[in-house]
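**Q** Whatever this is, show me its structure:
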Amino acid sequence: MKRMIMTLKKKETLKLLGMLLAFGGFVWFNMVSVGGISGYDKFMDQSTLMLMILFTVAVLWLSGVGKDFLNGLQLAFTEQKNYSRIKVQRACNAIKYTRTLIFMEAVFMIFICLVDILYQVDCADMNTLFPSLAVTILSVLYAFMAAVFLTILSAKLENMLASYMEEPQAEISVDEAQTLYFKLRALGLTDREAEVARLVSCDMTNREIAQMLYISEATVKKHITHILEKTAMADREELTKRIRVL
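**A** This is a model prediction of the structure:
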């Protein structure tokens, strides 16, 4: 509980929640002002809303980006410090993909409903025709509401991503890579430690380094400990700055 309270006190998270609260109040005010206190429930078509949510979750899971989407929510709401540029980029892409998917769902549902209405327009009662159109348009309303929420998340992640671009890591040639390797070796590092140090300077996490080098995270941590000891560096950030000026 204490950890949750400390997290909520962070300025950026409060800003994000404040924007969402402001948007929620805006939506609720318009529903009430149009339909009255007892009539705003006309905007709540549970079957349409649940269908869109279930389909979105299913597509995210089947496409393999569900984890990246959840990572995006975690990064935006918890102010996590231990993240990599690759993780943020994948989360940002997943958020944008979800936003596009929801709009495509809305368009598809509109076409299906309109086709059904047009087939029955001759025999349909006018008293039921317009409510059917209203239910059809609700899918657009839900899509726009979701789009606002996802746009806020996307903007948050893009700002986090921009922090990495302030000190861009340009692609280096083979000669430059060899020069960097020999400089790291000159610091007393082994072949493997030199490779781990280079990946650390690319803002990769221990898990990403382990996956790339086909070793365990525990081994990566052990290498980093030895690297910091040999180079007399205090932490990864200091090591990264040192390598980038080599």
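**Q** CA only for contacts and neighbour counts going forward, please
**A** OK.
**Q** any idea whether residue 230 is helix, strand or coil?
**A** helix (DSSP: H, G, I helix; E, B strand; the rest coil).
**Q** Kindly indicate whether the nearest residue to it once chain neighbours are set aside is helix, strand or coil.
**A** Nearest non-adjacent residue to residue 230, counting by Cα to Cα, 6 or more residues apart in numbering: residue 188, 6.6 Å away. On the three-state scheme (three-state DSSP), residue 188 is labelled coil.
**Q** How many neighbouring residues does residue 188 have?
**A** Counted by other Cα atoms under 10 Å, the residues lying close to residue 188 total 14.
**Q** Enumerate every residue touching the most centrally placed residue in the chain.
**A** The chain has residue 72 as the residue nearest its centroid, 2.7 Å off, counting by Cα atoms, centre = their mean. Residue 72 makes contact with 88, 91-92, 94-95, 153, 157, according to Cα atoms under 8 Å, 6 or more residues apart in numbering.
**Q** Correct me if wrong: the residue nearest to residue 230 contacts residue 228.
**A** No: Residue 188 is not in contact with residue 228 according to Cα atoms under 8 Å; the separation is 11.0 Å.
**Q** now the contacts of residue 72: which count as buried?
**A** 88, 91-92, 94-95, 153, 157 (16 or more other Cα atoms under 10 Å).
**Q** Closest one to residue 209 out of those residues, please.
**A** Closest approach between those and residue 209, by Cα to Cα: residue 88, at 16.1 Å.
**Q** State the helix or strand in which that closest one lies.
**A** Assigned by DSSP states H and E, residue 88 belongs to helix 85-119.
**Q** No more questions from me, cheers.
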